[in-house]
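Engineer: When you get a sec, could you give me coordinates for this:
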Amino acid sequence: MILALWRESEDPSAEARRLLREGLKRLGFSACDPAHDALGKPYLPGGPQISLSHTRGAAAAAISTEGPVGVDLEAMREIRPGLARRTMSPSEYAWYESRGARQADFFTLWTLKESYYKYLGTGLTGFPNGTDFRLEGDRWRLGEEPLGFFTEKKDLLILSLCGREESGELRVESGDVVFGSAEQSE
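Structural biologist: Residues are numbered from 1 along each chain as shown. Next up, the predicted model:
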């Protein structure tokens, strides 16, 4: 199961750690502060996989009992000229332009990329236009990767979550995102 918690906060960095502790308790784990690997990815020695994110005025934490997880949260803001073309693959950019180059679409793709690279444990390195996300029906896909992606927009915030596809369907429970079957979350 993957649990992602997110909320607005005056102190996003501290809130990410609070959300992590809250999520660990909800899943039956002892609350503790994470260590960080050489690339800065947070982890819990001997515990579930985690991912943290914070942006202006909000924070998120994701916890997975089934393998790697990545979460990214961004507050939408002005997009610098040319940034979309530099950060999107040609097909992503064509989709973005076909929808009117909307700010929410840019940040959806951006957070998908960030959540994927956090899932890999590398962070966003190199060229973000090297990934090629596509929307199939209401599901985001990345090549033939057996991954599940979830995005949600709330006001000016966009959250994306990446986990193993076999974790099950994503759904929102009481404002929190749960990736897994109903039996797992009870």
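Engineer: switch to C-alpha atoms for all contacts and neighbour counts from now on
Structural biologist: OK.
Engineer: Who are the contact partners of the residue most central in space within the chain?
Structural biologist: Taking CA atoms, centre = their mean, the centroid of the chain lies closest to Val71, which sits 2.3 Å from it. Applying CA atoms under 8 Å, 6 or more residues apart in numbering, we find Val71 in contact with 4, 51-53, 60-62, 111, 114-116, 118-119, 159-162.
Engineer: now with 7 Å?
Structural biologist: Neighbouring residues of Val71 by CA atoms under 7 Å, 6 or more residues apart in numbering: 51-53, 62, 115, 118, 160-162.
Engineer: Make a PyMOL selection of the buried ones in these.
Structural biologist: Buried residues within those, by 16 or more other CA atoms under 10 Å, are selected in PyMOL with:
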select buried, resi 51+52+53+62+115+118+160+161+162
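Engineer: would a markdown table of the contacts of Val71 with distance to Leu39, secondary structure and pLDDT be doable?
Structural biologist: A markdown table is the format used below for the contacts of Val71 (distance: CA to CA, whole Å; DSSP: H, G, I helix; E, B strand; the rest coil; pLDDT from 0 to 100):
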| residue | distance to Leu39 | secondary structure | pLDDT |
| --- | --- | --- | --- |
| Ser51 | 13 | strand | 95 |
| Leu52 | 14 | strand | 95 |
| Ser53 | 15 | strand | 95 |
| Ala62 | 18 | strand | 93 |
| Ser115 | 15 | helix | 94 |
| Lys118 | 10 | helix | 93 |
| Ser160 | 21 | strand | 94 |
| Leu161 | 20 | strand | 93 |
| Cys162 | 19 | strand | 93 |
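Engineer: Looks to me like the residue nearest to the centre of the chain is in a strand.
Structural biologist: Yes. When DSSP: H, G, I helix; E, B strand; the rest coil is applied, Val71 is found to be in a strand.
Engineer: Any regions of this structure where pLDDT drops low?
Structural biologist: 126-127, 166-186 (pLDDT under 70).
Engineer: just the strands in it please.
Structural biologist: Using DSSP state E, the strands found in the chain span residues 2-8, 35-36, 42-43, 49-55, 58-64, 69-75, 133-136, 139-142, 147-154, 157-164, 170-173, 176-179.
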